[in-house]
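Trainee: fold the stuff below for me.
(one chain, ligands or ions: 2)
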Amino acid sequence: MNNQETLILAIETSCDETAAAVLRGEKNVLSSVVSSQVDLHKQYGGVVPEIASRAHIERIYPVVEKAVQDAGIELTDIDAVAVANCPGLSVALIVGVTAAKTLAFMLGIPLISINHIHAHLQSAMIEAEDISLPATALVVSGGHTSIYNCKSALELEPAGSTIDDAAGEAFDKVAQILNLSYPGGPSIQKAAEKGDPKAIQFPRSMLGKDSLDFSFSGIKTAVLYHCKGQNMKGSSRVGRMSEKEIADIAASFQQAVVDVLVKKTMLAAEMQNSGTVLLGGGVAANGPLREQMKQQCDKRNIRLLIAPMKYCTDNAVMIGSLAWHKYNAGLFADLDLEASSSA
Ligand code: KG4
Ligand code: ZN
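Mentor: Ligands and ions are numbered 1, 2, ... in the order given. Next up is the predicted model:
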């Protein structure tokens, strides 16, 4: 069975985006609805789980209804319901899982559980043709930074991951230190446009020359030291800094993170002897990361597939696209499926 006509309704509620999408087959996106909660969490500088959960509850029904309407289908046309059930915030995931289970039960159709991180990598393959696997895959998001050897959409062999903060988390925390708005990634990228990436030499933690693991807590601390002074006494100088000084810190921080991500991915590609690199997750929206990864892949004759901008941050299209592979493999979940914060 390899049915490009299969209609899948996909649901995503792992963090602060309530999303639903309808796909026909693996790549034909009939609708994609994303209701972002950024405005609700902005004032706290990060996602507040209880607020996220409540907002998902309020939004899930209208978001699913709109996805079905936009797709121009009836709920009864759907062949399967897919949902991200891990990893993420349990109180957020549970809203999508409950909605998906209810729909699957009501409609008498299969339920498909999806790992959110694996779906981020699938988003790099949605608009590409003739993909040659295995590939080296890097997923960089707010909660995860990991390298895999991707043998197929459903076979991802872990090769390395962060031992502390995720790359996106570092962007968010450094943005907070610099009084830039949440989410930190886009605001650091914007501030960095006017800065010099070589202005400050922030540390690039490589954890050994053959390591495919990451560590981003050191660089976050280095930015904090830079802003508060080595003895960390007194208040941060950020309020008294010029726009150029902030821009230089943002650009230097961003460059250090990009250097590490690109170097480790190239090392993994060499170790795995890969001709293809996949890049997905919220941080994959970062302009300098996209450009510098492309330059290094081109140098080595490696084909780079990056998630299109619209599928970098959380969305349900990536959930539905990966679910199509599970549908074809007959990998269905039971109605007692649970949400899990870990992968
Ligand atoms: O994939 P995602 O939406 O959620 C998780 O699964 O975590 O990723 C969100 C993360 C946030 O940390 C955000 O700051 C980061 O992606 N991000 C960026 C950019 N856009 C979003 N980081 C760097 N540069 C960007 N342009
Ligand atoms: Zn995500």
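Trainee: what's the local residue count around whichever residue of the stretch 201-343 of the chain sits closest to ligand 2?
Mentor: In the stretch 201-343 of the chain, the residue that lies nearest ligand 2 is Asp314 (4.4 Å; CB to the ion). Quick note: C-beta positions are derived from backbone N, CA and C, even for glycine. Applying other CB atoms under 10 Å, we find 27 residues neighbouring Asp314.
Trainee: cool, Lys294 as well?
Mentor: Lys294, neighbours per other CB under 10 Å, totals 16.
Trainee: in what helix or strand does it lie?
Mentor: helix 287-299 (DSSP states H and E).
Trainee: residues making contact with that helix?
Mentor: Around helix 287-299, the neighbours that count as contacts under CB atoms under 8 Å, 6 or more residues apart in numbering are 140, 189, 192, 197, 254-255, 257-259, 261-262, 265-266, 269, 277, 279, 283-284, 303-304, 306.
Trainee: let's see it at 7 Å
Mentor: Gln189, Gln254, Val258, Leu261, Val262, Thr265, Met266, Val277, Leu279, Val283, Leu304, Ile306 (CB atoms under 7 Å, 6 or more residues apart in numbering).
Trainee: related to what we said a few turns ago, and the residue of the stretch 201-343 of the chain closest to ligand 2, what is it in contact with?
Mentor: Residues in contact with Asp314 (CB under 7 Å, 6+ apart) are Glu12, Ser14, Cys15, Glu17, Ala19.
Trainee: thinking again about what came up before, need the next SSE after the helix holding Lys294, C-terminal direction.
Mentor: Next element after helix 287-299 (DSSP H and E): strand 303-306.
Trainee: same for that next one, what does it pack against?
Mentor: Applying 3 or more CB pairs under 7 Å, 6 or more residues apart in numbering; DSSP states H and E, one finds that strand 303-306 contacts strand 276-280, helix 287-299.
Trainee: so of the contacts of Asp314, which two are at opposite extremes in space?
Mentor: Among the contacts of Asp314, the pair separated by the greatest distance (CB to CB) is Cys15 and Ala19, at 10.3 Å.
Trainee: ok, these two, which is more surrounded?
Mentor: Set Cys15 next to Ala19 and count neighbours by other CB under 10 Å: Ala19 wins out with 29 against 24.
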